[in-house]
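Colleague: just coords:
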RNA sequence: GCCGAUGUAGCUCAGGGGUAGAGCGUUUCCUUGGUAAGGAAAAGGUCCUGGGUUCAAAUCCCAGCAUCGGCUCCA
C-alpha cells in the first residue's frame, strides 16, 4: 500500500497510508488538534476532515503534504461552524416543510447582529411562531449525529439531481457558478442536499450552541424585481456559554438604542400624526444640537469657510438642470405649483451654493470659494427604510461646497480629511470606517468623466488618506456616477454601520451649470467642485452620538450640566442662588426642589445622566461651599462655588470627553 | 415599496367574548432627610383606526395606518 508524507504546519511530520482521510492523518500528527478540528487546511486549501488524502493533490518532488487544523476560536473555525449550522437549519426546514425551495445560506462573520442565514421559499409563509419549532427540529437532528457528506459530481448530474428535487434556485446557482464538476453536500439521513464548496464539520453533534433570531424577507439575488424569499437569521457559537454571553451583550446594546434614550432623556420625538420620518427636537436635544452646530461654525470660520443660507425650495427647472430630477426624482417630494410655476423641495443643497458661485464672475484670485451651510433637505424615503434619527425624511446637512482650480483641489481635499478627523476626535469616535468609493464596471450606472479624470481623482483621494494615516477600504462600484468619494461610517449600538460624512469629487455639476472662473491667462476655465459633509445628517450624527455615549454626554454637550440638589428646603434659596450664578457664567444648571430625600434626587440626576451634582445642606450654606458629586466618580468633596465654576468651565471650553 | 412581528395609561408591560390591570412617572398632602428609590391618597384609557361576526368585541375575522426586525434603495 502506498504511503505519503504529511506534515503538520510548523510541526512534526509522519508517513501515513495514502488511503487515510485528512482527519486520520491529522490524528497521527497531533491527537489533540485532530479532536478539536472542525476542518483542515491541506496545502493551504480548506477541506473536510473526511476527505481522503488520495483525493487531494500531492506535492511535487516528494515534499510532504502540509496539514493545518481549522480550530475553534479562529475566524475560519467559526465560519465552518456557522455555515454548517445554516445547513442544519435548511435540513430542519426541509424536514418540517417538504417542498421548500432553497436559496443561499452563508455564514456571517462581520455582522455583529447575526451569525448566518438561509434564504428559502417554503410552501407556506413562515411566521415567528415557526422559529422555535424549527430550532427544536435542528436540535433533534443535531443529536442524531448525522454526517455531513461531500460528493463530487458532474455539473450535468448535479443539475439533474436538483431538478429532480424541484430546486430551481439551486439549479440557477449551479448554472451560474458551477464548473465542469461541482461539489454537493448531504446531511445523511435527512432530506437535505446543497450545492456548496464547503468545508463543513464532520457531523451534526459538533453543533451545540445555536439560536434562530429572526425572520424577514429577502429578494432572490438581492434584486427587488426578483421574487421575495424568506430569510431566517440565526447565530452559532462553539459553547452555550459563548452564546449566552453574546445574547446578553445584545440585550445590553438594545438599552443604548437612541430611540429609547431619546424618550427617556426627553431629547426628541417622532410623531405619527405629524408625519413619518420627521424629527421634533425637544429642548434637551435642541441644546445639544446647538452645541454641535456652534462647534462646527467655529471650525468653519477658523478654516476660512464662508457661511451661507439658502432657500428650501426651488423651481423645478433647477432640479432638471442639476440632473437631480432625472437621477433621484423618485426620492424627491413631488412638485407643487404656484401661479403656473412648479417648485420642488430640495433634496440637496448643491445647486443653491452653485447659485451663489454664479452670482458674479469669479477670478482665480477668488478661489477657492468654500460655502458652508446647515442646509435642511427633504427626501421621500420609502416607509420601510425609516429608522429613528438614522433614516428620516427631513434632515439638516452640515453641507459645504468647495469651488477651486485644478491646482488647488489636492490641498482642499486634504484639508477636508483633516477636518473630518478633527471632528471625529472632538466627539470621541474612535472606531470609524473610511471607504474610498470608486468607479465600478456596472453598465447601469452612467458614469460621467473620462477614465483619466477618474484615475487622477482616485489617486488624489487615496494619497490624501494615506498622508493622514487613515486606514480605508477601497470599494469599486460605490462611487457616485459623477465622481469618486471618501465616506466614513460608524457603528450604532448593535453594530449597524451608518454613513456620516462624505467628501465627494464632482465631475458633473460644474459642467451642467457651466461654472467658470477667469484664470491668469484671461480666459474662462472650469472650476473643480467638491461636496463635503462632516456630520452628514445632524439627525443621524446625533443618533449615533446618543448610542455612542449611551446618553451620558460629555459635559460640553450635556443638556443639563449641573444638578443643584438641596438636602432640605432650608437651603432652597441658597440652591437657587448657586444655580443662578452657574447660569450667569454659561453653565446649564437645574435645581431640584422636590420634597424628596437626597438619595432620590441623586438617583434622578444619575438616571438623567447629568455630569455634575451639587449637594447642598446646612453645612455648605454655613461654609459658603458646594459638595460636588460627579456622574461616574461619585463624591468629590466640597469646594467653593468659584472653584467648581472654574473646573467646569475649563472642561466645557476644552470640550473634554471625560470629567477627570 | 416588499416579507414577518407588534400596537392596552406619559413610559415599560400583563391580561383577555360580558365593571380595564400592575410598576414607574405625574398631582396633592404628610415628611426636612447627607451621596442611586421616605409615606399616603388621587388623577390618568377611543385597549391604533375603520369595517365584519356576535345578544355582547379591547379580546375573534378582514382592511388600513403606524412602529419594530430585515430586504431593496440610500445623491
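Modeller: Yep, that arrived. Bear in mind the structure is a predicted one, so any value in this text is a computation, not a measurement.

Colleague: need the strands for the stretch 1-150 of chain A, in chain order.
Modeller: A:3-8, A:13-17, A:39-42, A:45-47, A:65-70, A:101-102, A:116-121, A:148-154 (DSSP state E, counting those that start in this stretch).

Colleague: same thing with the stretch 301-450 of chain A?
Modeller: Counting by DSSP E, counting those that start in this stretch, the stretch 301-450 of chain A has strands at residues A:306-307, A:313-315, A:336-338, A:341-345, A:369-378, A:394-404, A:432-438.

Colleague: Would you mind saying which of the strands of the stretch 1-150 of chain A lies nearest RNA strand B?
Modeller: strand A:116-121 (7.8 Å; CB to the nearest atom of the strand). From N, CA and C alone the C-beta is placed, and that goes for glycine too.

Colleague: And the average pLDDT for the closest one is what?
Modeller: Model confidence over strand A:116-121, given as mean pLDDT, is 94.

Colleague: likewise stretch A:187-199?
Modeller: Stretch A:187-199 comes out at a mean pLDDT of 89.

Colleague: How far does it sit from its chain's centre?
Modeller: 33 Å (CA atoms, centre = their mean, to the nearest Å).

Colleague: Would you mind pulling the contact partners of that stretch?
Modeller: With contacts defined as CB atoms under 8 Å, 6 or more residues apart in numbering, stretch A:187-199 is touched by A:38-40, A:46-48, A:70, A:80, A:87-88, A:90-91, A:94-95, A:98, A:102, A:105, A:141, A:144, A:146-150, A:158, A:161-162, A:165, A:170, A:173-174, A:178, A:182-186, A:204.

Colleague: same question, stretch A:484-492
Modeller: Against stretch A:484-492 from outside (CB under 8 Å, 6+ apart): A:112, A:258, A:390, A:413, A:417, A:420, A:424, A:429, A:431-439, A:454, A:457-458, A:461, A:464-465, A:472, A:478-479, A:497-505, A:531, A:543-544, A:547-548.

Colleague: Those in helices, which ones?
Modeller: Among these, the members falling in helices are A:258, A:413, A:417, A:420, A:424, A:454, A:457-458, A:461, A:464-465, A:543-544, A:547-548 (criterion: DSSP state H).

Colleague: Could you work out the most separated pair of those residues?
Modeller: Spatial extent of the ones in helices among the contacts of stretch A:484-492 (CB to CB) is set by the pair A:258 and A:454 at 37.2 Å.

Colleague: what about the residue nearest to residue A:15 when sequence neighbours are not counted, neighbour count?
Modeller: Nearest residue to residue A:15, sequence neighbours excluded (CB to CB, 6 or more residues apart in numbering): residue A:3, at 4.9 Å. Per other CB atoms under 10 Å, the neighbour tally for residue A:3 reads 12.

Colleague: Identify the residues contacting residue A:3.
Modeller: A:15-18.

Colleague: if we can go back for a sec, could you flag which of the contacts of stretch A:484-492 are buried?
Modeller: Buried residues within the contacts of stretch A:484-492, counting neighbours by 16 or more other CB atoms under 10 Å: A:112, A:258, A:390, A:413, A:417, A:420, A:424, A:429, A:432, A:434-439, A:454, A:457-458, A:461, A:464-465, A:472, A:478-479, A:498-505, A:531, A:543-544, A:547-548.

Colleague: Just name the most buried of the strands of the stretch 301-450 of chain A.
Modeller: Mean neighbour counts were taken over the strands of the stretch 301-450 of chain A using mean count of other CB atoms under 10 Å, and the top value, a mean of 24, falls to strand A:394-404.

Colleague: Establish whether that one and RNA strand B are in contact.
Modeller: No: Strand A:394-404 is not in contact with RNA strand B by CB under 7 Å from any atom of the strand; minimum separation 9.5 Å.

Colleague: again, but for stretch A:477-491
Modeller: Yes: Stretch A:477-491 lies within reach of RNA strand B by CB under 7 Å from any atom of the strand, at residue A:480.

Colleague: Pull out the buried positions in that stretch.
Modeller: For stretch A:477-491, by 16+ other CB under 10 Å, it's A:478-491.

Colleague: Quick one: mean pLDDT over it.
Modeller: Rounded mean pLDDT across stretch A:477-491 is 90.

Colleague: Show the end-to-end separation of that stretch, please.
Modeller: Distance across stretch A:477-491, first residue to last, is 22 Å (CA to CA, to the nearest Å).

Colleague: show me the contacts for the residue in the stretch 351-500 of chain A that RNA strand B sits nearest to.
Modeller: Among the residues of the stretch 351-500 of chain A, residue A:384 lies nearest to RNA strand B; the distance is 2.2 Å by CB to the nearest atom of the strand. By CB under 8 Å, 6+ apart, the contact set of residue A:384 is empty.

Colleague: quick one: it from residue A:168, how far?
Modeller: 27 Å (CB to CB, to the nearest Å).

Colleague: same check, this time on residue A:154
Modeller: 19 Å.
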